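>>> Need the 3D shape of this:
(2 chains)
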Amino acid sequence: MNLKEYRTVFLVASLALMIIATFPTLSMVMSSPSSRERFSEFWLLGPEHAAENYPFNVRADEMQGPIYLGVGNHMGCSEHYLIYVKFRNQTQQPPSSTASKPSPLPPLYEFQFFLEDGEAWETPLNFIIRNTSLQKDSIFVGNISINGVTFPVSCTSTWDSKNNGFYYQLFFELWIYDLGNSSFHFHNRFVGIWLNVTV
Amino acid sequence: MSASKLFFVFLVLLVFLVPNFVPESSASDSDSTSSAIKQAEATMVSAYEAVLEAEQVGANVSDLLARLNVAAENLANAHIRQGLGDFENATRFANLCYDIGEEVRGEARKLKIETYRPYVTSLLIRTIVSNASIIGIILASFLGWHAFKRRYYKRMLRMKPQVD
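Alright, predicted model coming up:
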């Protein structure tokens, strides 16, 4: 090896040592971006805390549930969530996951909560369909009680001859707080149950 | 009784009877509830931002989030009651939310500073140590290189050329 080559070895070794010396400081100010996927889980379970035996054939003034509504946070930091509870018949607009649009129906009930990354939240929910009346080929639902609070809905469903019933949907939209826009936005997740209402 | 006296009696009766016929949920109730809810929402957002800032510097924010959840439940109840026209309870829930939100915001800011101070101290110490190490490496390399060069030349000069 000649002197020029020795000089290169010296320079490379010195630079390597300098990089090692700066590592403790750099590791404090530079954080490596997480490569894991960021998402929120949203689930609805039946009375046995399983994805079965959801309330379906519902009579007026009978308590239904509890059904369990849950959210899991895997967004990488604490998040502020909002769940809107809505009620509709078969002709009213549901939320759309392809268009990322919530249902235009007004919310009846809501849940708000904060979740740390990796944590989950769950709540039971009971409901009672009230003030129903049969009118020729349709059923009118006047009110619905959710967790003991009664809301006027005034919703009519006509006879579905294909599925033999008067169908309504109780559904839940997940919204998340966006700090950039300082408002909640639809998180493109919703769950719901179909109810065949009888008088 | 003269007409003016009768009119006076009628007026007094009217003053006492009118409040009974006025609906309780007047427009002013609705307005004050809306402003209480807006205030509570703003406090919740700023408390949440403060908690996130504390979380970003490595603070444990579990307790703060648990309390913020109580505030969030109150805010949800305020919205529900407002929707049902129960302005009195809606305002009560909004005020509860506001009080908790204010407390959490203050504590989150304190927690951020408390967590941030050791972080800055540690960063300062590491920066000083790193810089001192770099200066040491440069000096050692410079001196080492010159010593090596001298030894190299000496060894070269001691070598005797051989002719076969």
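>>> Can you pull the residues of chain A lying near chain B?
Residues of chain A found near chain B (Cβ under 8 Å from any Cβ of the partner chain) are A:3, A:6-7, A:10-11, A:13-14, A:17-18, A:21-22, A:24-25, A:28-29, A:77-78, A:80, A:82, A:106-116, A:149, A:151, A:177, A:179, A:182. For the C-beta atoms, the positions are set from N, CA and C on the backbone; glycine is no exception.
>>> and if we set it to 6 Å?
Proximity of chain A to chain B is confined to A:10, A:14, A:17-18, A:21-22, A:24-25, A:28, A:78, A:80, A:110-114 under the rule Cβ under 6 Å from any Cβ of the partner chain.
>>> Now list the buried members of these.
For the residues of chain A next to chain B, a neighbour count by 16 or more other Cβ atoms under 10 Å in any protein chain shown gives the buried set as A:10, A:14, A:17-18, A:21, A:24-25, A:78, A:80, A:110-114.
>>> Check the residues you listed and tell me the two furthest apart.
A:10 and A:110 (68.5 Å; Cβ to Cβ).
>>> what about stretch A:191-199, average pLDDT?
Averaging pLDDT along stretch A:191-199 yields 94.
>>> tell me how far it is from the chain's mean position?
20 Å (Cα atoms, centre = their mean, to the nearest Å).
>>> One more: stretch B:117-131?
On Cα atoms, centre = their mean, the centre of stretch B:117-131 falls 25 Å from the chain's centre.
>>> ok, the closest residue to residue A:65 other than its chain neighbours - contacts?
Of all residues not flanking residue A:65 in the chain, residue A:126 sits nearest, at 4.1 Å (Cβ to Cβ, 6 or more residues apart in numbering or on different chains). Applying Cβ atoms under 6 Å, 6 or more residues apart in numbering or on different chains, we find residue A:126 in contact with A:63, A:65-66, A:147.
>>> distance of the residue most central in space within chain B from chain A?
Nearest to the geometric centre of chain B sits residue B:50, at 0.8 Å (Cα atoms, centre = their mean). Relative to chain A, residue B:50 is positioned 12 Å away (Cβ to the nearest Cβ, to the nearest Å).
>>> Tell me which stretches of the chain form helices.
With no chain named, the answer covers chain A. Along chain A, counting by DSSP state H, helices occupy A:3-29.
>>> Not quite, go with chain B.
B:3-21, B:27-56, B:62-83, B:87-158.
>>> So is the third one next to chain A?
In this case it means helix B:62-83. Yes - using Cβ under 6 Å from any Cβ, helix B:62-83 reaches chain A at B:65, B:68-69, B:72, B:75-76, B:79.
>>> Redo those as TSV? Include neighbour count and pLDDT.
Output for those, formatted as TSV (neighbours: other Cβ atoms under 10 Å in any protein chain shown; pLDDT from 0 to 100):
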residue	neighbour count	pLDDT
B:65	22	96
B:68	28	96
B:69	17	96
B:72	25	97
B:75	25	97
B:76	19	97
B:79	22	96
